[in-house]
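> Predicted model, plus sequence, below.
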Amino acid sequence: MSLESETRRIQLTGGSTLIVSLPKEWARQLNLQPGDEVILLPQRDMSLLLVPKKTIRSAFSEAKIEVTDELAKGDRLTRITLGYYLAGYDIFRLFFNQNTIGMKKDIKDIARRKLTGVEIVDEGRNTLTLQNLINVPGDISINDIVLKIVRVTESMLDDIKVALSTIDKNILTDIVERDNEVDRFYWLLNRMLKKLTTSTYYASASGIKDPRTILDYALINKSLERLSDHIVQIANELLQVGQQYIMGIPKEQRDKVIEYIDKVMELIGVLSRSLSSQPSSVNEINNLIELAREKAREVRGLQGSLREYETSPSIIASFDSILYSIARMLEYISDIGEALLNINIEVG
């Protein structure tokens with residue numbers, strides 16, 4: 001639909017009611033009839049968004065994927081499926097040949113681990129149909145998803161702190177597996193944010209007060225996902241070195257690591273409150289940004305400090321890797337703080 005803008009005069013009817021007629025060609029293309037309902041959404045710039053109710057719930061968009069031998073190589077099918085999910089498709093129909101039928105198991109695993117709201121609705125010998133069951137907007141808000149990521153991240157940090165003192169393999173393995181939950185919410189929020197950019201109505205109905213904040217939420221989402229990845233990197237380092245971490249590293253150095261993990265948890269807590277019902281002031285967010293950067297510099301200053309002690313090169317490398325991940329977590333917290341600051345300014 002491509003229509004030119006029009007200017008209409010406001011009319012007075014019944015002595016007190018203001019009315020304006022709708023463009024005839026626009027109404028014709030949408031097949032609007034007397035009695036049809038429209039939604040009126042006032043915008044921040046004092047314009048008025050008019051949305052015919054009948055157009056809001058359009059037919060499910062459907063993706064058909066032929067799983068060829070070429071597409072079955074490496075991670076290609078995963079990338080394609082994720083691409084359709086992020087593009088906003090609701091139904092995924094996959095068709096397999098004799099050589100690729102074994103990929104059905106992989107697709108089911110992708111849906112389980114990465115695609116929140118996507119369920120298997122039909123399966124044949126050579127076919128598989130997935131459908132997204134989460135409506136955007138409506139079923140879940142942007143802030144809800146961000147807070148879910150924050151809370152999973154907080155639980156991972158709490159457990160990594162315990163594991164730094166115990167090297168408990170069960171706890172470390174659970175941390176690595178829990179990262180899948182972060183990934184699921186990360187992809188869901190990516191999908192939602194992409195959809196909001198395609199429709200002013202979706203953005204308004206989702207609670208977004210200013211479209212510029214979509215970019216800020218995208219940065220927050222990516223920073224939280226990367227922060228979670230660094231928690232997993234620490235867990236993997238501890239799984240690899242095992243008890244050598246405790247035996248080969250002086251307690252004073254290990255205590256410093258726990259101290260900085262505590263600081264990361266403290267700052268994550270501030271972020272959590274800023275995203276919930278107790279938003280932080282501009283001064284509080286600025287203080288968070290500056291403190292996160294200061295602590296990141298301190299952590300980077302500790303890298304290489306184990307060379308003063310008699311310990312193996314592999315332990316030194318693992319210790320420096322853990323410190324690098326902590327520094328990056330603090331830097332990501334600073335990035336999130338900057339995005340929250342932008343949101344505060346943009347929405348007033």
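It's in.
> quick one: buried residues of stretch 95-110?
Neighbour counts over stretch 95-110 (16 or more other C-beta atoms under 10 Å) mark F96, T100, M103, K104, D106, I107, I110 as buried. C-beta coordinates here come from the backbone N, C-alpha and C atoms, glycine included.
> Show me where the stretch 51-200 of the chain dips below the pLDDT cut-off.
Along the stretch 51-200 of the chain, segments meeting pLDDT under 70 span 56-60, 136-138.
> cutoff 80 now
In the predicted model, the stretch 51-200 of the chain carries pLDDT under 80 at residues 54-60, 135-140, 198-200.
> Which stretches in it count as strands?
62-67, 91-96, 118-123, 127-132 (DSSP state E, counting those that start in this stretch).
> Quick one: closest of those strands to E266.
Judged by C-beta to C-beta, the one of these that comes nearest to E266 is strand 118-123, at 35.8 Å.
> That closest one to strand 91-96, inter-axis angle?
Going by axes from the mean of the first three to the mean of the last three C-alpha atoms, to 10 degrees, strand 118-123 is angled at 50 degrees with respect to strand 91-96.
> Would you give the sheet partners of strand 118-123, along with the direction of each?
Partners of strand 118-123 in the sheet, by DSSP bridges, are strand 127-132 (antiparallel).
> which ones are touching the nearest residue to L227 once chain neighbours are set aside?
In this structure, L227 finds its nearest non-sequential neighbour in Y332, 4.5 Å apart by C-beta to C-beta, 6 or more residues apart in numbering. Residues in contact with Y332 (C-beta atoms under 8 Å, 6 or more residues apart in numbering) are S223, L224, R226, L227, H230.
> mind checking pLDDT for the third one?
Note for R226: predicted pLDDT of 97.
> And the last one, by the same measure?
Among the per-residue scores, H230 shows a pLDDT of 98.
> Quick check: chain neighbours aside, which residue is closest to it?
That would be S325: by C-beta to C-beta, 6+ apart, it lies 3.9 Å from H230.
> Would you confirm that the one you found contacts I231?
Yes - when contacts are counted by C-beta atoms under 8 Å, S325 is listed as touching I231 (7.5 Å).
> L30 and K24, how far apart?
Counting by C-beta to C-beta, to the nearest Å, the separation of L30 from K24 is 11 Å.
> Have a look at the two and say which one is more surrounded.
Set L30 next to K24 and count neighbours by other C-beta atoms under 10 Å: L30 wins out with 14 against 9.
> what's the spacing between that one and L94?
Counting by C-beta to C-beta, the gap from L30 to L94 is 34 Å.
> Ok, S199 next?
Distance from S199 to L94, by C-beta to C-beta: 27 Å.
> L40 sits in which helix or strand?
Assigned by DSSP states H and E, L40 belongs to strand 38-42.
> Pick out whichever of S325 and I231 has more residues nearby.
Using other C-beta under 10 Å as the criterion, S325 and I231 rank with I231 on top: 25 against 22.
> any idea how far E266 is from that one?
When I231 is compared with E266 (using C-beta to C-beta), they lie 15 Å apart.
> Dead centre of the protein: give me the residue that sits there.
Y186 (2.8 Å; C-alpha atoms, centre = their mean).
> Now do the contacts for the closest residue to E66 other than its chain neighbours.
Of all residues not flanking E66 in the chain, F95 sits nearest, at 5.2 Å (C-beta to C-beta, 6+ apart). With contact taken as C-beta under 8 Å, 6+ apart, F95 is in contact with K64, I65, E66, V67, N126, T127.
> of all the residues you listed, which two lie farthest apart?
Spatially, the most separated pair among the contacts of F95 is K64 and N126, at 13.4 Å (C-beta to C-beta).
> Show me which of those two is the more surrounded one.
Using other C-beta under 10 Å, the more surrounded residue of K64 and N126 is N126, with 14 against 11.
> residue ranges of the helices in the chain, please?
24-29, 76-86, 103-114, 142-166, 169-196, 200-205, 213-241, 244-248, 251-275, 282-302, 313-347 (DSSP state H).
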